[in-house]
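Student: Need coordinates for the below:
(chains A and B)
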Amino acid sequence: MAAKGRERPSGWYMVPVMTFFGVFAILPMVLVVYLSFTDWDGFGFPSLSGGGNWSRILEDREVRSSLVLTLVFMVLGWVVQTPIAMMIGVWAAGRQRNRAVLSSIFFLPVLLSTAAIALLWNSVLDPNFGLTQRLPFLDQFSFLGDRTLVIFTVAWVLTWQYVPFHTLLYQSAARGIPVSIYEAATIDGAGRYKQFFSITLPLLRYTLITSTVLMLVGSVTTFDTILLLTGGGPGTATRIAPLYMYITGFTGFEFGYASAIAVVLLVFGAGLSLAVTQLTGFRKMSSQQEGS
Amino acid sequence: MSPRRLTKVAVSATTLALLGSMAACGSDNTAGGSGGGEGGGTADVWALQDTSLNPIEEASIQRYNDGEGPGSVKLSTFGNDPYKQRLRTAINSPQAPDVFFNWGGGSLKEYVDAGKIEDLTPMLDENPELKEAFLPSVLAGAEIDGKQYGLPMRGVQPVLMFGNLEVLKANGINEMPATWEDLLADVATLKGAGLKTPIALAGSQPWTELMWAEYLLDRVAGPEVFQAIRDGEGQGWNDPKVLEAMTMLKQLIDAGAFGAAEDFSSTGYDAGGTTQLLANGDAGFHLMGSWEFTNQLGTNPDFVEAGNLGYAPFPSVQGGAGDPSNLVGNVSNFYSVTSASPNKEAALEYVKTALTDETYVSDLIKAGDVMPIAGAREQLAAADNGEYLTEIYDLTSDAKNFQLSWDQDLAADEASKMLTELSNLFLGQQTPEGFVAAMAG
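Tutor: Predicted coordinates for the structure are as follows:
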């Protein structure tokens, strides 16, 4: 066995994974593309409608505005969440006992289900009976009812929900940085900030990319928190593209048109993650810990 | 066994297991289809989860199964939103129910047009006493193109105007508004007295906003204009009466009757929002389905028992073509039979006998349902809150027309679009003209 261990495993090893991937990823994608060329209200067999859904997408103002809104949440989410997650992650990587206790509290939202998070914030921010209505200063805002403010409210809740997960990524990555590098830097006279920007940050680069791809692709596909928190409202103020797809498909029962929106999101999300990995040289990733 | 051989065996075993589990996902076979031939099997009845209703339904099914009727029946229940999605996908499959709960109207028509629903007219023709057992305005809720596709299986739920009589009296308003002008005057009075939200509105749930549009169009134009919209006849949404009703609604919104848009737009009904606003005296009025009474009784019993919860039909509109006795709301819920049912005999027999069964009706009345059964008035009067229940019964039997909520009466895609546009109208993001143009376009 020892000698064979260095050989590449036979192709048969891929069969389970490829079967799984094919049935649960490739096949649904092919079906969605097919459905996007049909008219289907859920009854009978989908009837081909040519490019009907696609010409409708080009004229649908709501597709455009929901895509713009998706981008807004994406950029806002990344800009706010990345520095917070990185700072807490690096801080939590320290092995002091108080940090271990505090960070286990920080990670609590990871354990909560999305529904719990959305309903919790919904009742905290309720315009009539919410906690914020009992507090000075905060009671003058309608966090879920104001068309502009609601965007920041949703971004805040999403931050609250997702920062702990990304913090975990940064924490484990920061713990992987060899202490000897810091010791050498200290001997060379580098201070805390210098150490952070010259050692920690560069060595967290690949984690930063991983976390970024997860955030960007996540914002194109997930909408559960928004659905439960605002339902896309007030009006359509927080109706992001994946939510619009869901409403079209499962409230309006226009599965064909919803599939067309899904294809747009699929291309958008795949292109985005491809662009990020290409631009950052993620593919040429190699270990940065040689010599440790 | 050599390691290589072992690998191959392990790989094929894993693949087989995976494929097997996938196949299992697709063939989740319930007992429904296994009856074998017409009648002999177990008919599957699909209904919504409802803590007060489900035991009554179970008891009714138990009585049927203990009786002489053909085959047997069983109940499956689902939550509200998953129910509609599940029904939609299951109806094409062998897992389709034999009898299912629905709202009648246009949402049922989609299933009828797809050829999925059994026509119950022959059954009613053979049993005229069954037809006469139900109030006609309610039976009409599941009548499509002159044929009957469902029978009422629970109480009626018309939309009524509720009021906090204590708040109203404190401001010199001694009666619920009878006309639109009265309502506007009352709103101005309450507004002048410093009440931020004269009328409570759960704007985060657009179906509550829809109630206003439904009643206004009915009072202005009568039921025919909406029926033409639903049936795709005449001018549809372009009928000038639609614009007139929407403009009146816009005036009410702009007068601040519902308070500030950023407040009502995130106020809910499910979370007890508007119910609480009315009971607390933060609002004077609340337009809501008849279930609001039970809801108030559950959450604010003191408020109801002190006689402070007022209720009345929607105000009339002067010069409007609609009869003030007309109602809108949930006409009832219906049981329909699927045409492909392998257990049709049991399904039809159950629907025929169980819904007018004395125990079933009296159980539901005890649970607070206003059963649309001819002659149920005495029983209602004797029940708890009999005064309220008989009022609903009388309103329903006197109604010239009982319009089903538009979001249930239109096809799903049009309903979804309408709720979005309406919510924008309430937020001031859409004009009445824009609403009409968007819906007609």
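Student: ok, how many other residues are close to residue 223?
Tutor: All of this is about chain A. A:Phe223 has 22 neighbours, counted by other Cβ atoms under 10 Å in any protein chain shown. Yep, even glycine has a C-beta here, placed from its N, CA and C like the rest.
Student: The intended chain is chain B.
Tutor: Using other Cβ under 10 Å: B:Pro223 sits among 18 other residues.
Student: OK, contacts around the closest residue to it other than its chain neighbours?
Tutor: Spatially, and ignoring its direct neighbours in sequence, B:Pro223 is nearest to B:Asn401 (4.4 Å; Cβ to Cβ, 6 or more residues apart in numbering or on different chains). Contact analysis of B:Asn401 by Cβ atoms under 8 Å, 6 or more residues apart in numbering or on different chains lists B:Ser137, B:Asp218, B:Gly222, B:Pro223, B:Asp323, B:Asn326, B:Leu327.
Student: And B:Gln403, by the same measure?
Tutor: B:Glu214, B:Asp218, B:Pro223, B:Phe226, B:Asn326, B:Leu327, B:Val328, B:Gly329, B:Asp409.
Student: Just those residues: which are in helices?
Tutor: B:Glu214, B:Asp218, B:Pro223, B:Phe226, B:Asp409 (DSSP state H).
Student: filter those to the buried ones?
Tutor: B:Glu214, B:Asp218, B:Pro223, B:Phe226, B:Asp409 (16 or more other Cβ atoms under 10 Å in any protein chain shown).
Student: would you list the ones in helices among the contacts of B:Gln403 in TSV and tack on distance to B:Gln205 and pLDDT?
Tutor: Below are these laid out as TSV (distance: Cβ to Cβ, whole Å; pLDDT from 0 to 100):
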residue	distance to B:Gln205	pLDDT
B:Glu214	15	97
B:Asp218	21	96
B:Pro223	24	94
B:Phe226	21	95
B:Asp409	18	92
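Student: between the contacts of B:Gln403, which is closest to B:Asp44?
Tutor: Distance ranking of the contacts of B:Gln403 against B:Asp44, using Cβ to Cβ, places B:Asp409 first at 26.6 Å.
Student: pretty sure that closest one is touching B:Leu108, no?
Tutor: No - B:Asp409 is beyond contact range of B:Leu108, at 9.3 Å (criterion: Cβ atoms under 8 Å).
Student: Which members of the contacts of B:Asn401 are the farthest-apart pair?
Tutor: That would be B:Ser137 and B:Gly222, which, of the contacts of B:Asn401, are the farthest apart (Cβ to Cβ) at 14.8 Å.
Student: What about the nearest residue to A:Ala155 once chain neighbours are set aside, how many residues nearby?
Tutor: Distances taken as Cβ to Cβ, 6+ apart place A:Leu76 nearest to A:Ala155, at 4.8 Å, with adjacent residues excluded. When neighbours are counted by other Cβ under 10 Å, A:Leu76 registers 18.
Student: Next: A:Lys284.
Tutor: When neighbours are counted by other Cβ under 10 Å, A:Lys284 comes out with 6.
Student: What's the separation between B:Asn102 and chain A?
Tutor: Distance of B:Asn102 to chain A, computed by Cβ to the nearest Cβ, to the nearest Å: 14 Å.
Student: What is the burial count for that residue?
Tutor: B:Asn102 is flanked by 24 other residues according to other Cβ under 10 Å.
Student: Tell me who's in contact with it.
Tutor: B:Leu87, B:Leu108, B:Tyr111, B:Ala142, B:Gly150, B:Asn333, B:Phe334, B:Tyr335, B:Ser336.
Student: Quick check: which of those residues are also close to chain A?
Tutor: Restricting the contacts of B:Asn102 to those within reach of chain A (Cβ under 8 Å from any Cβ of the partner chain) leaves B:Tyr111.
Student: Only whichever of the contacts of B:Asn102 are buried, select them in ChimeraX.
Tutor: Applying 16+ other Cβ under 10 Å to those leaves a buried subset, and the ChimeraX line that selects it is:
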select /B:87,108,111,142,150,333,334,335,336
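Student: Looking at B:Ser137 and B:Gly222, which is more packed in?
Tutor: Looking at B:Ser137 and B:Gly222 with other Cβ under 10 Å, you find the greater number of neighbours at B:Ser137, namely 23 against 18.
Student: Cross-check the contact I'm expecting between the more buried one and B:Leu404.
Tutor: No - in this structure, B:Ser137 is not within contact of B:Leu404 by Cβ under 8 Å, at 10.9 Å.
Student: what is in contact with the two at once?
Tutor: B:Val331.
Student: Just give me how far the strand or helix carrying the residue nearest to A:Ala155 sits from the chain centre.
Tutor: Assigned by DSSP states H and E, A:Leu76 belongs to helix A:61-93. Helix A:61-93 has its C-alpha centroid displaced from the chain centroid by 8 Å (Cα atoms, centre = their mean, to the nearest Å).
Student: what's the answer for stretch B:224-235, then?
Tutor: For stretch B:224-235, the distance to the chain centre is 21 Å (Cα atoms, centre = their mean).
Student: buried ones in it?
Tutor: B:Glu224, B:Val225, B:Phe226, B:Ala228, B:Ile229, B:Arg230.
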